[in-house]
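A.B. asks: please work out how this folds:
(one chain, ligands or ions: 1)
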Amino acid sequence: MDKLVIEGGIRLKGEVAVSGAKNAVLPILAATLLTDEPCLIKSAPNLRDVNTMLKILRALGKNAEMDKGKISVTSTKNKSFFADYKLVSTMRASFCVLGPLLGRFKKAKVSLPGGCVIGIRPVDLHIKGIRALGVQVNVESGYVVANAPRLKGGSVYLGGIFGSSVLATDNVMMAAVLARGKTVIESAACEPEVADLAEFLIKMGARIKGHGTPIIEIEGVAHLKGATHTIIPDRIEAGTFMLASLITRGDVLIKNVFYQHLGALIDKLEEAGAGIVKADSSLRVYPKRRLRPVNVTTLPYPGFPTDMQAQIMSLMAITAGISVITEKIYPDRFMHVAELNRMGARIQREGPHAIVEGVKYLSGAPVMASDLRASACLVLAGLIGKGRTSVSRIYHLERGYENLEEKLRGLGARIWREKE
Ligand code: EPZ
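C.D. replies: Numbers count the residues shown, from 1 in each chain. Reported below is the predicted structural model:
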């Protein structure tokens, strides 16, 4: 296994381009199961999770190859409806093959994804949603086994105790596009990645409206064709670079970004004292003055994204004053707190809250990544830690960030990879 080593103390300067969105490309790849015709996905990021999804598509009867950011998906003669545990358990997002398999073949057997360090991550809303389309669903020996003589449109409220569900919305949408009649999803997830999936489905011939809002309406059609689609930029990667600029008191131009997808983060960072210059597809980010602590609560989109919670905690850890970070989507998403405290941060966890008392500096240290966004948080802390920080288990990072160390080196960071 590899680790990343970082010499802290360099102010980042220059330009960096953001890759395509992980959380858009994964369900869009699953959606190619809805047709036998060829699909071409452009601006796809080369990530561990994308390669896992390509393996799953091949196991389900597709040819799926990636070359320089372009993924071509075509069909083979053999079809499978079975997504097995060893693949699904490595990546929760693979559970979103359930909807397209049902939409296309009216049956599916998909392993339950299981939990991960950020939470138990149930799938009750997914099951509730597909049952509303007339699907018989049983959970047997760790698998969801679903059958439908035929799918019929229906109405379903998809809000759970933590709000809407991104992948449950994706699954229900992908099952409903080939169902008979109209489907209405209430309390649908509004994330840009859900809207991007809907745009791809519409290019395939689906009839969808309201995507990106809490009410999505789908009119079933008989057949979907192949399509070509360019993935939207990854707003979480863009947000991570915004914080990298601020935490090092640098000045970075982030290209290939839709600032409209980052409203809550931009608002919070401006409140803290960041200078953020918006342009059509780029953001320039620098500290206007000494930063102030801010309080953050994560919420479903357009609220502050849970996937940016660990990263902003790194910034608050070295911002004088007290900030309270409340995690409302995954109340246990605080594995990064202990590692930041090992670097000299003063963070106290109280249930879903982390109380952060800013310190003058962090000390470089050997730390361990536990999940994707915690890894990013530790890299950010290493950029300003005094001395050397080594982040181990960086396969977590490689799941969701394409060439992160090269991109940071391009901004002047002293960061390199070593064998554990
Ligand atoms: C998506 O996960 C993202 N992953 C996550 O990003 C992101 O953190 C999450 O949405 C929230 O924005 C992908 O898109 C591949 P949810 P998803 O269903 O869809 C609860 C990253 O770092 N819930 O929106 O699995 C759930 O436990 C990853 O890129 C139920 O209770 O998340 C959570 O508390 C991490 N029942 C909340 O809802 C269900 O049936 C939101 O989860 C489903 C979810």
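
A.B. asks: going along the chain from the lowest-mean-pLDDT helix or strand in the chain, find the next helix or strand for me.
C.D. replies: Lowest by mean pLDDT, DSSP states H and E among the helices and strands of the chain is helix 85-88, with a mean of 85. From helix 85-88 onward toward the C-terminus, using DSSP states H and E, the following helix or strand is helix 98-105.

A.B. asks: check which helices and strands that following helix sits against.
C.D. replies: helix 22-31, strand 107-111, helix 124-131, strand 143-147, helix 166-176 (3 or more C-beta pairs under 8 Å, 6 or more residues apart in numbering; DSSP states H and E). Quick note: C-beta positions are derived from backbone N, CA and C, even for glycine.

A.B. asks: how about the second one: buried residues?
C.D. replies: Within strand 107-111, the residues that qualify as buried by neighbour count (16 or more other C-beta atoms under 10 Å) are 107-111.

A.B. asks: skipping adjacent residues, who's closest to Thr52 in space?
C.D. replies: Sequence neighbours aside, Met91 is the residue nearest to Thr52 in space, at 4.6 Å (criterion: C-beta to C-beta, 6 or more residues apart in numbering).

A.B. asks: is the one you found in contact with Met53, as I believe?
C.D. replies: Yes - assessed by C-beta atoms under 8 Å, Met91 is found in contact with Met53 at 7.2 Å.

A.B. asks: and the chain, what are its domain boundaries?
C.D. replies: 2-19+233-419, 22-230 (automatic domain parsing).

A.B. asks: any idea which of those gets closest to the ligand?
C.D. replies: Across the domains of the chain, the ligand has its closest neighbour in domain 22-230 (3.2 Å, C-beta to the nearest ligand atom).

A.B. asks: can you give me the offset of the closest one from its chain's centre?
C.D. replies: With C-alpha atoms, centre = their mean, to the nearest Å as the basis, domain 22-230 stands 15 Å off its chain's centre.

A.B. asks: ok so, going back, contacting residues around the residue nearest to Thr52?
C.D. replies: Contact analysis of Met91 by C-beta atoms under 8 Å, 6 or more residues apart in numbering lists 49, 52-53, 113, 399.

A.B. asks: any residues touching stretch 289-309, and which ones?
C.D. replies: Stretch 289-309 is touched from outside by 163-164, 189-192, 235-236, 239-240, 243, 246, 263-265, 268, 271-274, 312, 315-316, 319-330, 333, 356, 358, 373, with contacts defined as C-beta under 8 Å, 6+ apart.

A.B. asks: in strands only, show me those residues.
C.D. replies: Judged by DSSP state E, the subset of the contacts of stretch 289-309 located in strands is 274, 322-326, 356.

A.B. asks: which two of these have the greatest separation?
C.D. replies: The largest separation in these, counting by C-beta to C-beta, is between Ala274 and Thr326 at 20.7 Å.

A.B. asks: comparing those two, which residue is more hemmed in?
C.D. replies: Neighbours were counted for Ala274 and for Thr326 using other C-beta atoms under 10 Å; Ala274 has more, 21 against 17.

A.B. asks: tell me the contacts of the more buried one?
C.D. replies: Contacts for Ala274 (C-beta under 8 Å, 6+ apart) come out as 242, 246, 285-288, 291.
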